[in-house]
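# Quick check, what structure comes out for this input:
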Amino acid sequence: SNFILNHKIDKISKQMNIPLFIHVVLTERCPFNCNQCYSSLSNAEMEWDAFSKRIQEASSLKISSILLTGGEPLVYSRFLDAVHLLSTYKMECRIATSGYGLDEDIARKLYYANVSRVFVSLNGSTAEINDCSRAGFYEAINALNTLRSAGISCGINWVARSDNIEDFERMINLAKDYDVDEFVILKNKPDRSGLLESALSEVQINFLSQAVVCCKTATTGLIISIDPCFSELREKLINKRYFPASCCAGKTFFDILPNNTLVPCRHFNNSSHNI
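Numbering: from 1, shown residues only. Down below sits the predicted model:
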């Protein structure tokens with residue numbers, strides 16, 4: 001995009017002088033208690049004044065894209081105010097949600113606020129597969145239907161795990177059935193207790209890389225993206241020139257946590273610093 005091309009890259013550090021986009025963790029709260037979740041599920045949420053100031057700072061730096069996430073961002077006390085503030089600054093607004101509470105009224109308001117894309121978390125093409133790692137299968141399916149009916153671009157966030165890896169092709173078909181615009185493959189990360197369950201084996205990563213190539217070749221109109229953290233999968237595809245291999249945390253994006261802390265990525269809490 002012109003936005004990306006207009007950002008200067010420091011020739012010495014090979015870093016962009018400002019990030020392309022920011023993830024804002026509005027709240028740690030969520031009505032679900034998913035097995036894989038790394039959110040604390042505490043009552044922590046970002047104070048409105050802190051959020052407003054961060055968005056003003058981002059706008060002054062000409063950072064034009066913001067992803068609102070959580071926890072579950074829709075339970076943030078001023079969620080729609082946050083969306084409208086981004087619209088006021090003419091910033092691209094993206095949202096990552098479980099689908100909880102996303103009804104026709106909210107979808108209509110998101111549409112008129114010019115939300116760019118809503119990513120719905122879904123780990124299986126059936127409730128049985130999804131329930132191995134996530135709750136809210138039917139809420140997610142309902143959200144996909146509601147978003148499409150409202151004319152909002154939608155995506156699916158799918159975490160690659162050993163208990164759903166063979167479901168990948170069916171998930172791609174589900175995405176096409178619901179007219180999804182983007183399918184994001186996320187790396188399986190440690191949960192809130194620091195445990196990593198259902199990790200992929202080398203054989204399964206190879207299987208997924210081959211499946212991605214086949215689907216990208218056979219699928220038209222559906223973008224397949226890979227989590228910047230998922231270096232193991234990216235390395236399998238780098239020679240095919242589908243995806244860059246290195247992690248982009250702190251280079252092209254950073255996260256803002258509910259306590260107003262800036263981190264390269266929310267998984268790098270030990271590298272956090274307040275600004």
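
# separation between the most centrally placed residue in the chain and F207?
Nearest to the mean C-alpha position of the chain, counting by CA atoms, centre = their mean, stands A96 at 5.2 Å. Distance, A96 to F207, using CB to CB, to the nearest Å: 26 Å. No exception for glycine: its C-beta is placed from N, CA and C like everyone else's.

# At which residues are the helices of the protein located?
With DSSP state H as the criterion, the chain has helices at 2-5, 48-60, 79-88, 104-112, 127-130, 137-149, 168-177, 202-218, 231-237.

# Distance to S225, mean neighbour count and mean pLDDT added to those, as CSV?
Shown next, in CSV, are the helices of the chain (distance: least, CB to CB, whole Å; neighbours: other CB atoms under 10 Å; pLDDT from 0 to 100):
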stretch, distance to S225, mean neighbour count, mean pLDDT
helix 2-5, 15, 8, 33
helix 48-60, 22, 15, 96
helix 79-88, 21, 18, 98
helix 104-112, 21, 15, 98
helix 127-130, 20, 17, 98
helix 137-149, 17, 19, 98
helix 168-177, 12, 18, 97
helix 202-218, 10, 15, 92
helix 231-237, 11, 18, 88
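
# F254 is nearest to which of those?
Counting by CB to CB, F254 lies closest to helix 48-60 out of the helices of the chain; the figure is 10.4 Å.

# Now do that closest one: distance to the chain's middle.
21 Å (CA atoms, centre = their mean, to the nearest Å).

# next one: stretch 66-86
Here stretch 66-86 is found 14 Å from its chain centre; the criterion is CA atoms, centre = their mean.

# can you check stretch 132-144 too?
Its chain's C-alpha centre and that of stretch 132-144 lie 15 Å apart, by CA atoms, centre = their mean.

# what's the neighbour count on P264?
18 (other CB atoms under 10 Å).

# Before we move on, what's the pLDDT of it?
The model reports P264 with a pLDDT of 81.

# can you check Q15 too?
pLDDT at Q15 comes out at 54.

# what sits against the nearest residue in space to V159 that is not next to it in sequence?
Once flanking residues are discounted, V159 sits nearest to L186: 4.6 Å by CB to CB, 6 or more residues apart in numbering. Applying CB atoms under 8 Å, 6 or more residues apart in numbering to L186 gives the contacts 157-160, 227, 229-230.

# The helices of the chain: which one's closest to C30?
helix 137-149 (11.6 Å).

# what about that closest one, distance to the chain center?
Using CA atoms, centre = their mean, the mean C-alpha position of helix 137-149 is found 17 Å from that of the whole chain.

# Report the inter-axis angle for that helix versus helix 168-177.
In terms of direction (axes from the mean of the first three to the mean of the last three CA atoms, to 10 degrees), helix 137-149 departs from helix 168-177 by 40 degrees.

# can you list contacts of helix 137-149?
Here helix 137-149 makes contact (CB under 8 Å, 6+ apart) with 97-100, 102-104, 107, 118, 120-122, 124, 126-127, 130-131, 153-154, 156, 178-180.

# Just the buried residues from the residues you listed, in ChimeraX please.
Buried subset of the contacts of helix 137-149, written as a ChimeraX selection, criterion 16 or more other CB atoms under 10 Å:
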select :97,98,99,100,102,107,118,120,121,122,124,130,153,154,156,178,180
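
# can you tell me which residues contact the residue nearest to the centre of the chain?
Applying CB under 8 Å, 6+ apart, we find A96 in contact with 67-70, 73, 118-119, 121, 157.

# By neighbour count, which of the residues you listed wins?
For the contacts of A96, neighbours tallied by other CB under 10 Å; top is S121, 27 neighbours.

# so that residue sits right up against I95, yeah?
No: with contact defined as CB atoms under 8 Å, S121 does not count as touching I95 (11.2 Å).

# For V212, which non-adjacent residue is closest in space?
In this structure, V212 finds its nearest non-sequential neighbour in I224, 6.2 Å apart by CB to CB, 6+ apart.

# residues in contact with the one you found?
Residues near I224 by CB under 8 Å, 6+ apart: 172, 182-183, 185, 212, 215-216.

# Please name the bridge partners of the closest residue to S77 other than its chain neighbours.
In space, and not counting its chain neighbours, S77 is closest to E45: 6.6 Å by CB to CB, 6+ apart. Judged by DSSP bridges, the bridge partners of E45 are T27.

# Which strand residues bridge the residue nearest to V212?
Beta-bridge partners of I224, as defined by DSSP bridges: F183.
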